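Visitor: how does the following fold in three dimensions:
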Amino acid sequence: MPESFTDKRSPQNFSTCNQLLTVSNKKWIKAVNTISLIEKIPGDVPGFECDVYFDTSKNYLQVYHDSAGYMELNFEAILKVYQTRKLSASIWLDFKNLSAANEKKSLNYLIALRNQYKLQNKLIIESSSPKSLQSFCDSNFFTSFYTPFFNPYSIKEAELIKHLDSITSALKQYKVSALSGYYFQYPVLKKYFPNYPILTWSDNSNISLVSNAFNKILLDDSHVKLVLFP
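Guide: Okay, here's the model as predicted:
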């Protein structure tokens, strides 16, 4: 992992959304999107991720990753198992469709769930829309800006600069608690936006020496707050 990507941009520091998040261990479970999975995860798991969409007509979060995996699963069904099993894990919500159109309704919905299931300081709201995350920050949610997709190792400098400028523009306007992106984006996010903790995800291969070595780097780096594994 090279330390230098471009010298045409320098590290930036902006005000963050300074909200608390309970983190006892940075190894979390990725894509707990079914009842069978929430029933099977270890009782002492520190945290897990759910992929969610807000349905404005039904006024609740549906749990699924994409259209190919669509299902009529209410996020509250996940929380009922969570409560029955007496789990204490924090929950990362990958909010796929957060927008101005559903921001207010989804915020009120999640505040109600946070109170009902005692999830204070245990929810991450992640979105590619930092503007829509602002109201969640103002309501004491830990938020993460899902940065635009790019692979710094396979693009030219001009394209990298374009992505850095896009992220910079968003962070100048809106406060977020953290930045999230693919594991190969982590060195760039760390270098150019050093005051934001990083949330990322990786493979959990036991047969790849490269994967194991990279995962050790992620887990040992204090700049990385959380890593999702399958």
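Visitor: just name the shakiest helix or strand of the chain by mean pLDDT.
Guide: The helix or strand of the chain with the poorest confidence is helix 209-220; it has a mean of 82 (mean pLDDT, DSSP states H and E).
Visitor: any buried residues in that helix, and which?
Guide: F214, N215, L218 (16 or more other CB atoms under 10 Å). Backbone N, C-alpha and C define where each C-beta goes, glycine included.
Visitor: just the residues you listed now: which is nearest Q120?
Guide: In terms of CB to CB, no member of those lies closer to Q120 than L218, at 27.6 Å.
Visitor: hmm, S202 and the closest one touching each other?
Guide: Yes - counting by CB atoms under 8 Å, L218 touches S202, with 6.2 Å between them.
Visitor: quickly list what's touching both of these two.
Guide: Shared contacts of L218 and S202 (CB atoms under 8 Å, 6 or more residues apart in numbering): Y183, V227.
Visitor: coming back round to it: nearest to E49 among the buried residues of helix 209-220?
Guide: Among the buried residues of helix 209-220, and counting by CB to CB, the member closest to E49 is L218, at 15.5 Å.
Visitor: list the contacts for the closest one?
Guide: Y183, Y186, T200, S202, V224, V227.
Visitor: want to throw those into TSV with secondary structure and neighbour count?
Guide: As requested, the contacts of L218 are exported to TSV (DSSP: H, G, I helix; E, B strand; the rest coil; neighbours: other CB atoms under 10 Å):
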residue	secondary structure	neighbour count
Y183	helix	19
Y186	helix	25
T200	strand	20
S202	coil	21
V224	strand	19
V227	strand	21
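Visitor: can you list those in TSV and add pLDDT?
Guide: Formatted as TSV, the contacts of L218 follow (pLDDT from 0 to 100):
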residue	pLDDT
Y183	90
Y186	93
T200	96
S202	87
V224	96
V227	96
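Visitor: which helices and strands sit right next to the helix or strand that L199 is a member of?
Guide: Taking DSSP states H and E as the definition, L199 sits inside strand 198-201. Packing partners of strand 198-201 (3 or more CB pairs under 8 Å, 6 or more residues apart in numbering; DSSP states H and E): strand 178-180, helix 186-192, strand 224-229.
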